[in-house]
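missing the sequence, but the structure's below:
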């Protein structure tokens, strides 16, 4: 039997199906019988797949020279195509900026009709991190500050931009914006601790 880890495209399709399930779950107004039947079917599938979870888990990050930013983080909660909790945000590297494009749906709602502030913050954290990775100076977040200028709407195309301001020794300073059309809805500033790529990969795979 082929293991899912050997079929990344299959895992991505599975994650997308679960992503759609999450979206439907937070929007349905179904009768009890339909919910009970769906719950039983999902529990059966979860039970079948649970037998394929290895211990310990294989490495979660590919490392090396990965051309596409999304491919650096396949299981990331923000942009991982194999993580159903992610939208995912599609990232393009347009030197010297990381550009993220996304449409957030109902599962990411905070105020009615708007994206949750914590979701925006986590997206900024990763957008700025991608800029650091692509410039060869990755490292963990030391501080992240977000200014919410106006509500960010659900269901419309959004654009994140992240860039590196400067590097002071081991401290990397970055900034970014979030826009809906021509309106900037949020801004961010972040400080990251510079580590070697090898050190970062050892931290990620230590588990």
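In hand now; what should we look at? Please read these numbers as outputs of a predicted model, since none were measured by experiment.

Only C-alpha atoms from now on, for both contacts and neighbour counts.
Fine.

For the closest residue in space to residue 187 that isn't next to it in sequence, give its distance to residue 129.
Taking C-alpha to C-alpha, 6 or more residues apart in numbering as the measure, residue 187 lies nearest to residue 177, with 4.4 Å between them; neighbours along the chain are not counted. Computed with C-alpha to C-alpha, to the nearest Å, the distance linking residue 177 and residue 129 is 14 Å.

What of residue 192?
When C-alpha to C-alpha is applied, the distance between residue 192 and residue 129 equals 8 Å.

overlap in contacts of those two?
Residues within reach of residue 192 and of residue 129 at once, by C-alpha atoms under 8 Å, 6 or more residues apart in numbering, are 139, 141.

Neighbour count for these two, which is higher?
When residue 192 is set against residue 129 and neighbours are counted by other C-alpha atoms under 10 Å, the residue ahead is residue 129, at 26 against 23.

confidence score at the more buried one?
At residue 129, the predicted lDDT confidence score is 94.

you'd agree it is up against residue 135?
No: contact between residue 129 and residue 135 fails when scored by C-alpha atoms under 8 Å: they sit 9.9 Å apart.

Confirm that residue 36 sits in a strand.
No: when DSSP: H, G, I helix; E, B strand; the rest coil is applied, residue 36 is found to be helix, with no strand at that position.

can you count the residues close to it?
Residue neighbour count, defined by other C-alpha under 10 Å, stands at 12 for residue 36.

how close does residue 75 get to residue 125?
With distances taken as C-alpha to C-alpha, residue 75 is found 16 Å from residue 125.

nearest residue to residue 163 other than its sequence neighbours?
By the measure of C-alpha to C-alpha, 6+ apart, the closest residue to residue 163 outside its immediate chain neighbours is residue 97, 4.8 Å from it.

List the contacts of the one you found.
When contacts are counted by C-alpha under 8 Å, 6+ apart, residue 97 is found next to 131, 161, 162, 163, 164.

Ramachandran angles for it?
Residue 97 has phi and psi values of phi -120, psi 150 when expressed as degrees, to the nearest 10.

which outside residues touch stretch 17-27?
84, 85, 86, 87, 105, 106, 107.

I'd guess residue 12 is in a helix, am I close?
Yes: residue assignment for residue 12, taken from three-state DSSP, places it within a helix.

didn't it look like it was pressed against residue 88?
No: using C-alpha under 8 Å, residue 12 is not in contact with residue 88; the gap is 10.9 Å.

what is in contact with those two at once?
Shared contacts of residue 12 and residue 88, defined by C-alpha under 8 Å, 6+ apart, are found at residue 81.

Neighbour count: these two, which is higher?
residue 88 (25 against 19).

Just give me the residue right at the centre of the protein.
Per C-alpha atoms, centre = their mean, the C-alpha nearest to the average position across the chain is that of residue 78, at 1.0 Å.

residue contacts, residue 140?
Neighbouring residues of residue 140 by C-alpha under 8 Å, 6+ apart: 192, 193, 194.

at 6 Å instead, please
Applying C-alpha atoms under 6 Å, 6 or more residues apart in numbering, we find residue 140 in contact with 192, 193.

same deal with residue 69?
Listed by C-alpha under 6 Å, 6+ apart, the contact partners of residue 69 are residue 91.
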